[in-house]
Every structure is written in C-alpha cells, then in structure tokens.
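S.K.: coords please:
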Amino acid sequence: MTPTIDEIVVGDEPESWRAAGFTVDPDGTCRIGTVRVRLVGRERGKRILEWSLRDIDPGGLADAGIDGLATTVSSAPPAESATHPNGVRSIDHVVLVSPDTDRTTAALEAVGFDVRRVRKTESYGAPMRQTFFRAAEVIIELVGPDEPGEGATGFFGLAHTVDDLDATAALLGPALGTAKDAVQPGRRIASMRHKELGMSVATALMTPEP
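M.R.: Alright, predicted model coming up:
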C-alpha cells in the first residue's frame, strides 16, 4: 500500500489559521481534505514540527524519523474535511527541503514511498532538483541542490488547492500575493503573506487541476 499522511503538527496558534480563513475545530485541529493539521501553539517552536503517516514500512523508519523528519506511525482513519471560508478543499503538496536529495529520497523509499517524477529547475535562484512522491491525494515535493551537501532535512511549507482563487483573493485581500501561472499547466498559484496573519508555515494557494 502507498503511505498516506494522517496528521501534520504545526507550531501555530489556531487563531492565526482562522484569520486566514480556515475552519479550526475546538481542539485545534484543521481538517483539510483527508489530512489533519494539528495546531499546537509555539511552545515547541514554529513551522511544521512533525507528521504522522499511515501504511509505511516501520522497518525503514530510523530513530530520528525519515532522514531527520520527525515521523510517527498512525492507524487513524482519514479525516473528514471541513468546509473552509477561504475555499481550501485539500492539501495539494507538502514541501520538504534537503541538502542531499539522494539521501532523503532513499529514506522516503525505505518506508514505502515511490518516486513519481524528478525535475530540475532554477526557479529558486540556483540549480535545484525537485523530486515528487505521491501520498494519496497529497503530493510530497522534495527540493534540494543538484550537488549534495551537509545538513538536516526539514519541512518547508504547504500548498493548498482552493475552489476559486479569485474569490479567496477577495477574502484575504493584501494577505494574499498576486496570482501567477503555476508550473503545472493550466493552474495558477499565489503565495499567502502568512506572517501578516501570524502563521509560521510558508503557504501557497492553487487553482484546481483542469
């Protein structure tokens, strides 16, 4: 079976995500598509702190997680998505960054993920490699330099699919940047000015697949 994402733990206060148009349950859980984003405040730090995955091979999971990505194994059923005022319907992709994409790819493969596509790009300002994996409805995008270096792998950010990007832009106003063509043909993307809303996770919003 293909691994899937159960939960993403984020060091943000629930109020900041509500300000961005997300529906957050009283226990701090934001149900986006089949994934739970659990908002735990800043006591443990900012940004994405860890994730839990279903249907992974526990034999490939190191003590430090997946190449340093804090990871737990879950058997919980998929979430039932909430309706979000900002129009978000699902998580399109989770972005990971690594100084050594070969090393991180091997660690992801060890728990059951399969590489779906590799793309080279200079859109980040330097030659970079993007490696893509599929976790059911969510894509995992691993970004790193062409030449391996030293350092830790980390969680970088989230991109969400919205029903109507123009309607979301009208709701968020200056908290959403200008939409532009996405790498995926027929789609547009806009970056949320997340810090203005009190969020710590780099966040982008995308139109649905055509």
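S.K.: Could you check what's spatially nearest to residue 94, not counting adjacent residues?
M.R.: residue 140 (5.4 Å; Cβ to Cβ, 6 or more residues apart in numbering). Heads up, the C-betas are built off the backbone N, CA and C, glycines and all.
S.K.: pretty sure residue 195 belongs to a helix, no?
M.R.: Yes - counting by DSSP: H, G, I helix; E, B strand; the rest coil, residue 195 is part of a helix.
S.K.: quick revisit: so the residue nearest to residue 94 bridges to which residues?
M.R.: Residue 140 has these beta-bridge partners by DSSP bridges: residue 94, residue 133.
S.K.: Near it, how many other residues are there?
M.R.: 19 (other Cβ atoms under 10 Å).
S.K.: show me the contacts for it.
M.R.: For residue 140, the contact set (Cβ atoms under 8 Å, 6 or more residues apart in numbering) comprises 93, 94, 96, 108, 113, 132, 133, 134.
S.K.: Tell me who's in contact with the third one.
M.R.: What it means is residue 96. Contacts of residue 96 by Cβ under 8 Å, 6+ apart are 69, 104, 140, 141, 142, 143, 153, 154, 155, 156.
S.K.: Residue 195: what's it in contact with?
M.R.: Applying Cβ under 8 Å, 6+ apart to residue 195 gives no contacts.
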